[in-house]
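Chemist: Have a look at this prediction, sequence included:
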Amino acid sequence: MTSEQNSSPGSGLRQTIRRAGLWALAALAAFILVSAGLMWRYAVRHHDDTEVIGVSFSQIQAERFGSDWRANYLALLDDLQVKHLRLATYWDRIEPGPDRYDFSETDWMLDEAAKRGAKVKLVIGQKLIRYPECFYPSWLDRHNPEQVSTRVNKMLATVVNRYKTSPALESWQLENEFLLHTFGECPAQNLTNSQLRRELATVRAADSQHPIILTQSNQVGLPAFGPNADYFGFSLYRKVWNSTTGYFTYPQRGLFNWWKAALIEIYRPTTVTIHELQGEAWGPRGNEYLTWNEASQSMNPARLADNVAYARESQIKRFDLWGSEWWYWLKSSQDHPEMWDAARQYFR
């Protein structure tokens, strides 16, 4: 009787499974080695970079809390001594009528920043920070993508030409998570790859000196599509609420984001930043309706410290905290200065 005849039917299957397991282990080992190499390269590349912590600020969000937005803004500059700000030029506020511009709010914010030696990342375009994300003027037909494209590019050129010589201007953020269509009140036909490319060309033609930032995805995605710019930003939120699970904590650690940043910088000639690091509550209602105890379930001083440590684990040296309007409202109107005081250490 031959050896083939002696072999049982199950032995071939076991050998196949064993070979598949060995291949899987080899693939895993190769993945770990390549990933370690990428992360080492990233750490070396950015080893000497200076850590920069800024804040996002929205006058619209401050008004939603009933705050004096100018007082909120000056408190960030003078009390917290913030030196890096992320501000938005809301289309409905800067162009209330066709070709009729009102830059008074943005002029004031940049002038006050310049007086104090602070630097501004100016968010421009259709889709900006804070809900409802897209702030189309009432005179514009938002459901006509050709009209929107023509008008937004004209507006972008006007804004860039106005502020490109401002001593406070540090960079442009063109749109905010433009290709993410699952959040906000934005007609999807306006938020296309080709449109983003056209807007990017408009900004570059108007100003070749200041870097441009794109934020094309959220914290779990990769910029597989869309144009490239000098910087790419993604958001980091740790504990959030949704109607399906209630409160939910993202499981990945900073090591994952280190790997992600290293991977992005390999296949894209860009520098990765964190454009939104959670610094405010995310509950079942707007933060203006949450009590301090409710809000503390998703954000409090200890969670803020943990989130900053989490961002630092990623080896990304530039990140902007999200929630400065909420901190100010808690301090000035709700007798809860805890978040404001907790944030102070990151700007001094």
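Modeler: Alright, I've got the coordinates. Numbers count the residues shown, from 1 in each chain.
Chemist: residue ranges for the strands of the stretch 101-250 of the chain, please.
Modeler: 119-124, 169-174, 212-214, 231-236, 239-242, 246-249 (DSSP state E, counting those that start in this stretch).
Chemist: TSV for those, including mean pLDDT?
Modeler: Formatted as TSV, these follow (pLDDT from 0 to 100):
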stretch	mean pLDDT
strand 119-124	98
strand 169-174	98
strand 212-214	97
strand 231-236	94
strand 239-242	94
strand 246-249	95
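Chemist: Go ahead and list the helix or strand containing residue 340.
Modeler: With elements taken from DSSP states H and E, the one containing residue 340 is helix 338-344.
Chemist: So residue 87 lies in a helix, does it not?
Modeler: No: Residue 87 is assigned strand when assessed by DSSP: H, G, I helix; E, B strand; the rest coil, not a helix.
Chemist: How many residues are close by it?
Modeler: Neighbours of residue 87 under the rule other CB atoms under 10 Å: 25. The C-beta positions use only the backbone N, C-alpha and C, and glycine is treated the same way.
Chemist: mind listing what it touches?
Modeler: Residues near residue 87 by CB atoms under 8 Å, 6 or more residues apart in numbering: 56-58, 106, 109-110, 120-123.
Chemist: any chance of the strands of the stretch 101-250 of the chain in TSV, plus mean neighbour count and distance to residue 155?
Modeler: As requested, the strands of the stretch 101-250 of the chain are exported to TSV (neighbours: other CB atoms under 10 Å; distance: least, CB to CB, whole Å):
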stretch	mean neighbour count	distance to residue 155
strand 119-124	24	8
strand 169-174	23	12
strand 212-214	24	16
strand 231-236	23	22
strand 239-242	15	32
strand 246-249	12	37
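Chemist: Of the ones you listed, which is nearest residue 257?
Modeler: strand 231-236 (6.9 Å; CB to CB).
Chemist: That closest one - contacts with which helices or strands?
Modeler: strand 212-214, helix 254-267, strand 271-278, helix 301-313 (3 or more CB pairs under 8 Å, 6 or more residues apart in numbering; DSSP states H and E).
Chemist: Show me the contact partners of that strand.
Modeler: The contact list for strand 231-236 (CB under 8 Å, 6+ apart) reads 171, 173, 177, 211-219, 221, 223, 257, 260, 264, 268, 270-278, 307, 310-311, 314, 319, 322.
Chemist: let's see it at 6 Å
Modeler: Strand 231-236 is contacted by residues 211, 213-215, 217-219, 223, 270-277 when judged by CB atoms under 6 Å, 6 or more residues apart in numbering.
Chemist: Perfect, I'm done here.
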